[in-house]
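# Whatever this is, show me its structure:
(one chain, ligands or ions: 1)
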Amino acid sequence: MLDLIEELWFLKRDIVSDDFDRALYRLAGEVPNMKIHQYPTGEPCWTWRIPEKWTCHEAYLETLDGRRLIDYGDNPLHVVSYSLPYEGVVTRQELMEHLHVHPRMPDAIPFVFKYYDRDWGLCASQTLRDSLNEERYRVVIRSDFKPGTLKVGEVVVQGESQKTFVIVAHLCHPAMVNDDLSGVVVGLGAAKALLAGSQPYYTYRFLILPETIGSVAYLSHNEALIPDMVGGLFLEMLGNDQPHALQGSYMPSSQADRCLVSALGVLDPDSYCSPYRQVINNDERQFNAPGVRIPMLSLSRVERRSSPTWPYPEYHSSLDTPAIVTQERLEASKGIVLELIRSWERNQYVVNKFKGEIFCSGHGIWIDYRTNPEGHRRLFEIMERCDGEHSVADIAVELNIPFQAVWEVVEKLHSKDL
Ligand SMILES: [Zn+2]
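This next block holds a predicted model:
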């Protein structure tokens, strides 16, 4: 995963761009079956339209005597993504209106985008901006807007059922890593693991896309798939040094919410869960939205909202580099995604073959209340709810215990043919 990040991170992965395509085709080489959907510029997608392909050929800021202060060739973040072209001499004041800096970190170049509300713009460190004391500067931005195609990569792991769990990450954002190349490589790693295993019950669709418009393009062109999409997980910001955060869907009582939320605590004891829109907002909004209503949760390593560096210190800046992610943390996140999927596969309705209370000692499942009072109480509380009306996750939520603890008892009853 880190090798892929090293290879792809510095590409200029603007939402519709040649480098986005390069990165996506490179990732397609990692799996046998990635389908690449293409949506042409201007194509309506519900209330949206696919934007033009944007290319910046060259851009810089110079003093009038030719001293170069900012160069797009050094870092693609120096130009606002989807900046209009501009060439001319500007006063310092005019320049300041178009020169963006990071609000908090004086040496970082911020990531700024103007996909729809267009203007020309450059980005620099606060330190550089503070050093500008000449009256006039030369600005050159040679960008162009051309018809192109927005691309969405899709990997399907076909299950026994057409009921689908959809996993999404976004590949856009030039020269950044944690947001969200980290989610892309973790998702692709999980897809590879599923493809190598035995056939799951659910079908899994992994989508790699440019944020927001990519999700709208895919959903609006695949409406027939929506009724079968019974749950989903958005993956982002999974390489930085923080415990996992799980954000619930718009439908907190969905089986996907109940299952994933009740399973996470055992997998990362330092993790936390928060309701919809309380951790961070991204593509899961398009899946949860009116007319779609797929319960999609979001897994990240985002700091709590109260943190002054929320969502993480290097967010949307030139400091979001491979230096802030590790292979170990990416592997841990991939492991958690696969464990959440394992729980999702196990989240069945528990149908009792028994009537009355089970004769536990007679079936070898008795837990002695004198040596294990907690285990004894739980066994009875769980058995009581094995009635065909509760899923494993329903029982876990009702008893406020981990999904895995319920599964252990259910599996034992199943092995005894109960
Ligand atoms: Zn972002």
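# any idea how far residue 307 is from residue 55?
When distance is defined by Cβ to Cβ, to the nearest Å, residue 55 is 37 Å away from residue 307. To be clear about C-beta, it is placed using only N, CA and C from the backbone, and glycine gets the same treatment.
# Check residue 266 too.
Taking Cβ to Cβ, one finds residue 266 at 25 Å from residue 307.
# And the two? Which one has more around it.
Counted by other Cβ atoms under 10 Å, residue 266 and residue 307 do not tie: residue 266 has more neighbours, with 15 against 12.
# wait, the more buried one sits on residue 407?
No - taking Cβ atoms under 8 Å as the definition, residue 266 is not a contact partner of residue 407, at 10.4 Å.
# tell me the SS of residue 177?
coil (DSSP: H, G, I helix; E, B strand; the rest coil).
# which other residues reach stretch 392-402?
255, 258-259, 261-263, 265-266, 343, 346-348, 350, 378, 381-382, 385-386, 390, 403, 405-407, 410 (Cβ atoms under 8 Å, 6 or more residues apart in numbering).
# now do 7 Å
255, 258-259, 262-263, 265-266, 346-348, 350, 378, 381-382, 385, 403, 406-407, 410 (Cβ atoms under 7 Å, 6 or more residues apart in numbering).
# and the closest residue to residue 32 other than its chain neighbours, how far is that from residue 312?
Spatially, and ignoring its direct neighbours in sequence, residue 32 is nearest to residue 195 (7.3 Å; Cβ to Cβ, 6 or more residues apart in numbering). Counting by Cβ to Cβ, the gap from residue 195 to residue 312 is 31 Å.
# Neighbour count for these two, which is higher?
Remark: of residue 195 and residue 312, residue 312 carries more neighbours, 22 against 16, as counted by other Cβ under 10 Å.
# Tell me the first helix or strand C-terminal of the helix-or-strand element of the chain with minimal mean pLDDT.
Counting by mean pLDDT, DSSP states H and E, the chain has its least confident helix or strand at helix 373-384, which shows a mean of 93. Counting by DSSP states H and E, the next helix or strand C-terminal to helix 373-384 is helix 392-399.
# Tell me the first helix or strand C-terminal of that next one.
Assigned by DSSP H and E, the successor of helix 392-399 is helix 403-415.
# pretty sure the residue nearest to residue 32 is touching residue 157, no?
Yes - applying Cβ atoms under 7 Å as the test, residue 195 and residue 157 come out as touching, 5.7 Å apart.
# Can you give me the neighbour number for residue 215?
26.
# before we move on, what about residue 43?
15.
# which element is residue 128 on?
helix 126-130.
# tell me which residues in that helix are buried?
126, 128-129 (16 or more other Cβ atoms under 10 Å).
# can you give me the strands for the stretch 1-150 of the chain?
35-40, 44-45, 48-49, 53-63, 68-71, 86-91, 99-100, 122-123, 136-146, 149-157 (DSSP state E, counting those that start in this stretch).
# For the fifth one, what is the distance to the chain centroid?
In this view, strand 68-71 has its centroid 34 Å away from the chain centroid, taken as Cα atoms, centre = their mean, to the nearest Å.
# and if you look at stretch 10-17?
17 Å.
# who's in contact with it?
With Cβ under 7 Å, 6+ apart, stretch 10-17 has contacts from 19-20, 22-23, 51-55, 76, 81-82, 115, 148, 150, 171-175, 210, 213.
# Need the residues that contact stretch 290-309.
166, 219, 226, 229, 231-238, 240, 242-251, 254, 256-257, 260, 272, 278-280, 282, 284, 286-288, 310-312, 337.
# Might one say that residue 185 is in contact with residue 2?
No - counting by Cβ under 7 Å, residue 185 stays clear of residue 2, with 8.0 Å between them.
# between the two, which one's more packed in?
Taking other Cβ under 10 Å, residue 185 and residue 2 do not tie; residue 185 has more neighbours (30 against 18).
# any idea how far that one lies from residue 238?
The value you get for residue 185 to residue 238, if Cβ to Cβ is used, is 9 Å.
# Same question for residue 119.
33 Å.
# shaky segments in the stretch 51-200 of the chain?
Counting by pLDDT under 70, the stretch 51-200 of the chain contains no low-confidence range.
# tell me which residues form a beta bridge with residue 299?
residue 235, residue 246 (DSSP bridges).
# about what we covered before: drop anything exposed from the contacts of stretch 392-402.
By 16+ other Cβ under 10 Å, those give 255, 258-259, 262-263, 265, 346-347, 350, 378, 382, 385, 403, 406-407, 410 as buried.
# tell me the least confident of those residues?
Across these, the smallest pLDDT goes to residue 378, namely 93.
# Now for that one: which residues touch it?
Contacts of residue 378 by Cβ under 7 Å, 6+ apart are 401, 405.
# Start the count at 274 instead of 1 going forward.
Let's use 274 as the start, then, which means that last one is residue 651.
# That one and residue 627, how far apart?
18 Å.
# For the protein, identify the residue most remote from the centre.
Using Cα atoms, centre = their mean, the residue of the chain lying farthest from its centre is residue 635. It sits 48.7 Å away.
# that older thread, mind checking which of the strands of the stretch 274-423 of the chain is nearest residue 591?
strand 395-396 (8.6 Å; Cβ to Cβ).
# can you list the residues that contact the closest one?
334, 343, 350-353, 371-373, 382-383, 385.
# Pick the one among the residues you listed closest to residue 640.
Closest to residue 640, out of all of those and judged by Cβ to Cβ, is residue 383, at 57.6 Å.
# Quick check: the closest one touching residue 373?
Yes - counting by Cβ under 7 Å, residue 383 does reach residue 373; the two are 5.5 Å apart.
# any idea where the helices of the protein begin and end?
275-281, 291-301, 365-371, 399-403, 454-469, 486-494, 528-540, 557-561, 600-619, 646-657, 665-672, 676-688 (DSSP state H).
# Tell me which of these sits nearest to residue 378.
helix 399-403 (7.8 Å).
# Could you export that closest one as CSV, CA atoms only?
The C-alpha trace of helix 399-403 is given here as CSV (Å, rounded to 0.1, in the frame of the first residue of the first chain):
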residue,chain,number,x,y,z
GLN,A,399,2.2,32.4,4.8
THR,A,400,5.9,32.9,5.2
LEU,A,401,6.3,33.6,1.5
ARG,A,402,3.3,35.9,1.4
ASP,A,403,4.6,37.9,4.3
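# Output the contacting helices and strands for it.
Applying 3 or more Cβ pairs under 7 Å, 6 or more residues apart in numbering; DSSP states H and E, one finds that helix 399-403 contacts no other helix or strand.
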